[in-house]
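Undergrad: build me a model from this:
(2 chains)
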Amino acid sequence: MANAQAFCSQAKVDLMNGLHALGASVIRGGTTKDTYFAALYLTSGTRGAADTVYNTTGEVTGSNYTAGGVTITTASAPSLSGTTAIFTPSASIAYTNVTLTTSFDAVLIYNNTSSTKLALSVHTFGAQTVTAGTFTLTMPTNDASNALIRIA
Amino acid sequence: MGQIRTTHGDLDEADLAKTTIFEDRPTEWVIAIEYKLADEIVRRDVHVVLKAPNVVADALAAEL
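TA: As a prediction, this is how the structure comes out:
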């Protein structure tokens, strides 16, 4: 078997778990995983790849919606599917009994443990409104083709 | 049927017109359930089922 250039597959998972620091890092308070939140954004918002931290600009407002959104369930740690590192929240994200009358179409997932609330990912969907009801985001299959977050 | 929470407080579901809207979009399925009292929407629930969000980072090692 010949040598082959590669980005080592396990390193992709290790990046997700914060085990590499090629640049200046942070002093962590422990080895436990961080807590992540999901905030909703109006269709007029500008969330995307350029985001570095959670941003209140363009976030939805409405009855029973708390700024910053809701916590997401991370019971399943990042893993490898073939050579792709994958991560998907282990439960649906739900905003219950909310009224959001202005159309929204995006959710920002961010690290609520970090002091600056580092942005992780933005996911879009068709514009929605909710009236005195529940908005539920059900996660895709956690595999190399469908996982919410993939490093291929 | 029981009572459900609406913009007018708890109402008997049987007194409301219920519509289920299903959309199959490229990246998600959407199921919206609307309850109307006369022509007024008094409750709207939305369930978005994500298919395969296109959030992929490529990890590459350069050939030297």
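Undergrad: quickly list what B:D24 is bridged to.
TA: Per DSSP bridges, the residues bridged to B:D24 are B:W29.
Undergrad: please tell me how far it sits from B:V48.
TA: 12 Å (CB to CB, to the nearest Å). (C-beta placed from N, C-alpha, C; glycine too.)
Undergrad: cool, and A:A2?
TA: 47 Å.
Undergrad: these two: who's more crowded?
TA: Of the pair A:A2 and B:V48, B:V48 is the one with more neighbours under other CB atoms under 10 Å in any protein chain shown, namely 24 against 3.
Undergrad: pLDDT value on the more buried one, please?
TA: Looking at B:V48, its pLDDT stands at 96.
Undergrad: A:M139 is in contact with that one, correct?
TA: No: applying CB atoms under 8 Å, one finds B:V48 not in contact with A:M139, separated by 10.3 Å.
Undergrad: wait, A:L120 touches A:Y36, no?
TA: Yes: using CB under 8 Å, A:L120 is in contact with A:Y36, at 6.6 Å.
Undergrad: if I look at these two, which residues touch both of them?
TA: A:109-111 (CB atoms under 8 Å, 6 or more residues apart in numbering or on different chains).
Undergrad: okay, the residue nearest the centre of chain A and A:L137: tell me how far apart.
TA: For chain A, A:I109 is the residue whose C-alpha lies nearest the centre (CA atoms, centre = their mean; 3.1 Å). Separation of A:I109 from A:L137 (CB to CB): 10 Å.
Undergrad: anything in contact with each of these two?
TA: Common contact partners of A:I109 and A:L137 (CB under 8 Å, 6+ apart): A:38, A:123.
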